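Asker: got a predicted structure plus its sequence, pasted below:
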Amino acid sequence: MFSELVIPHRTIMTPGPVEANPVALKAMSSRILGQFDPAFLTIMDNVKEMIKLPFGTTNKEAFAIDGTSRSGLEASLIALIEPGDKVLIPAYGRFAYLLGEIAERAKAEIMYLEKDWTATFDQQVVIDAIDEFQPKIVAMIHGETANGQMQQIDKIGQHCRNNDVFFVVDMVATYGGVPLHVDEWCVDIAIGGTQKCLSVPAGMSLVTYNDRVEAVLNSRYQKELGLSKDDRNDNHISSNYLDLSQLQRYWSSERINHHTEATSMVYALHEGLRSIINEGLENVYARHALNDKAIIAGIQAMGLGFYGDLSTKMPTVTPVMIPDGVGDGEAVRELLLNQFGVEIASSFGDLKGKLWRIGNMGYSSRHENVLHVLTALEGALTYYGAPIKQGEAVKAALVIYENN
Ligand SMILES: *Cc1c(COP(=O)(O)O)cnc(C)c1O
């Protein structure tokens, strides 16, 4: 006999997965519909339209891909890359190397433009690298979750457009938390995720792309042999499952039978999107900005430091330097989880053991969560005797809330 699931209560203040929006969880417990049921097709069509709004696009194409966010990154990159294509990857944090890893497996010729991770690129530096390397694709991260920095991309995008370079941008950690302007920034393919600021469980990725990309997809389209003997293509995309040219035709009125849709996830996506659209995207972004301000004020008041340049910090992630006296910070994280039910994140690679990351995303971005994480962190640090200023953090956050 196995015992029934008992899920503990948590305040999740990591950069994802975050607390799911209850409306999304409720939708997931709805009954199943067949994936070609007209009732389900209507849901899909509405989801397509809603996905576009947080991206800030009027692109014809926007849909969801089954698989976590990196499925969208992989689908986007392999749709454009042919072996030997040059891909420029400006890297100011961990996730850029994921783009590189995907591009390398697709046999691209990669050039990383590297810098330290404490700040973003001056856009001109990237533009100069584009002129020098002459890539077919520039792929970069809008918000680097690992170190909490957010890159300005408008000028890079414009330069790519002027030079017929494809611009692929990972907006996984900013989608739904920060205003995005895919069209204005000349982004050809943008990728979002579900378990971050959308507060839908992990399991889908969101993409939108423009006509330039659609032309490539049309030129590479191959339909599964069991469905059609005619639609062969020597230049087809290397993956069947992550083939945007087929996925687009599944999500469009053509409705080719590509995969069995994860209908419950689409329900959740519908409700997660509807929830933030009805709140008003401007209000959603203002909520994230205010909670970010309160987190910063609280951490500062405690006397803790931040990693990297605060002026380019993402509003959705705050990297906090682990103070002296608590080693790699893991005992503090354990105490937070076990005694307060609060989860914060550590970091990756060289930054592991040096900083914690406090998320401020989606449904988790609420006053009570911010006050709870500040209270718990102060309590845990006090318990371990770390040199902090006591009794100030929550007050500083409350001053922000009471005056806004
Ligand atoms: C979380 C994250 C990813 C990876 O997402 P998965 O859902 O784990 O596949 C990629 N890029 C960024 C910027 C992220 O924050």
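Answerer: Sure, I can see it. Numbering: from 1, shown residues only.
Asker: quick one, strands of this protein?
Answerer: 11-12, 61-66, 86-91, 109-114, 137-141, 143-144, 149-150, 166-170, 189-193, 204-209, 317-321, 342-343, 355-359 (DSSP state E).
Asker: now do the contacts for S365.
Answerer: By C-beta atoms under 8 Å, 6 or more residues apart in numbering, the residues touching S365 are G177, C197, R287, H288, N291, T316. C-beta here means a position set from N, CA and C on the backbone, and glycine is covered the same way.
Asker: likewise Y401?
Answerer: Contact analysis of Y401 by C-beta under 8 Å, 6+ apart lists L290, A294, H367.
Asker: roughly how far apart are A393 and A190?
Answerer: 36 Å (C-beta to C-beta, to the nearest Å).
Asker: got the residues of the stretch 201-350 of the chain near the ligand?
Answerer: With C-beta under 6 Å from any ligand atom as the criterion, the stretch 201-350 of the chain comes near the ligand at residues A202.
Asker: got the confidence number for the residue of the stretch 201-350 of the chain found nearest the ligand?
Answerer: Residue of the stretch 201-350 of the chain nearest the ligand, by C-beta to the nearest ligand atom: A202 (5.6 Å). Predicted confidence (pLDDT) at A202: the value is 98.
Asker: surely it and T194 touch.
Answerer: Yes - using C-beta atoms under 8 Å, A202 is in contact with T194, at 6.3 Å.
Asker: looking at those two, which has the bigger crowd around it?
Answerer: Remark: of A202 and T194, T194 carries more neighbours, 30 against 16, as counted by other C-beta atoms under 10 Å.
Asker: keeping just the C-alphas, turn stretch 206-226 into PDB.
Answerer: The C-alpha trace of stretch 206-226 is given here as PDB (Å, rounded to 0.1, in the frame of the first residue of the first chain):
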ATOM      1  CA  LEU A 206       4.900  29.500 -25.800                       C
ATOM      2  CA  VAL A 207       6.300  30.800 -29.200                       C
ATOM      3  CA  THR A 208       5.400  33.600 -31.500                       C
ATOM      4  CA  TYR A 209       7.100  34.300 -34.800                       C
ATOM      5  CA  ASN A 210       6.700  36.600 -37.900                       C
ATOM      6  CA  ASP A 211       6.300  36.100 -41.600                       C
ATOM      7  CA  ARG A 212      10.100  36.000 -42.100                       C
ATOM      8  CA  VAL A 213      10.200  32.800 -40.000                       C
ATOM      9  CA  GLU A 214       7.000  31.400 -41.500                       C
ATOM     10  CA  ALA A 215       8.600  31.600 -45.000                       C
ATOM     11  CA  VAL A 216      11.500  29.500 -43.700                       C
ATOM     12  CA  LEU A 217       9.000  27.000 -42.200                       C
ATOM     13  CA  ASN A 218       7.100  26.700 -45.400                       C
ATOM     14  CA  SER A 219      10.300  26.000 -47.300                       C
ATOM     15  CA  ARG A 220      11.200  23.200 -44.900                       C
ATOM     16  CA  TYR A 221       7.700  21.700 -44.400                       C
ATOM     17  CA  GLN A 222       7.500  17.900 -44.400                       C
ATOM     18  CA  LYS A 223       4.400  16.000 -43.300                       C
ATOM     19  CA  GLU A 224       4.700  12.700 -41.600                       C
ATOM     20  CA  LEU A 225       4.900   9.800 -44.100                       C
ATOM     21  CA  GLY A 226       1.900   8.000 -42.600                       C
END
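Asker: just for the stretch 251-400 of the chain, where's the confidence low?
Answerer: Of all residues in the stretch 251-400 of the chain, none has pLDDT under 70.
Asker: in stretch 17-37, what counts as buried?
Answerer: By neighbour count with 16 or more other C-beta atoms under 10 Å, stretch 17-37 contains the buried residues P17, V18, E19, A20, N21, V23, A24, L25, A27, M28, L33, Q35.
Asker: could I get the average pLDDT for that stretch?
Answerer: Mean predicted lDDT for stretch 17-37 stands at 97.
Asker: ok, back up a step: distance to the ligand for the buried residues of stretch 17-37 - can I get that in JSON lines?
Answerer: Below are these laid out as JSON lines (distance: C-beta to the nearest ligand atom, whole Å):
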{"residue": "P17", "distance to the ligand": "8"}
{"residue": "V18", "distance to the ligand": "11"}
{"residue": "E19", "distance to the ligand": "16"}
{"residue": "A20", "distance to the ligand": "14"}
{"residue": "N21", "distance to the ligand": "17"}
{"residue": "V23", "distance to the ligand": "21"}
{"residue": "A24", "distance to the ligand": "16"}
{"residue": "L25", "distance to the ligand": "18"}
{"residue": "A27", "distance to the ligand": "20"}
{"residue": "M28", "distance to the ligand": "17"}
{"residue": "L33", "distance to the ligand": "25"}
{"residue": "Q35", "distance to the ligand": "23"}
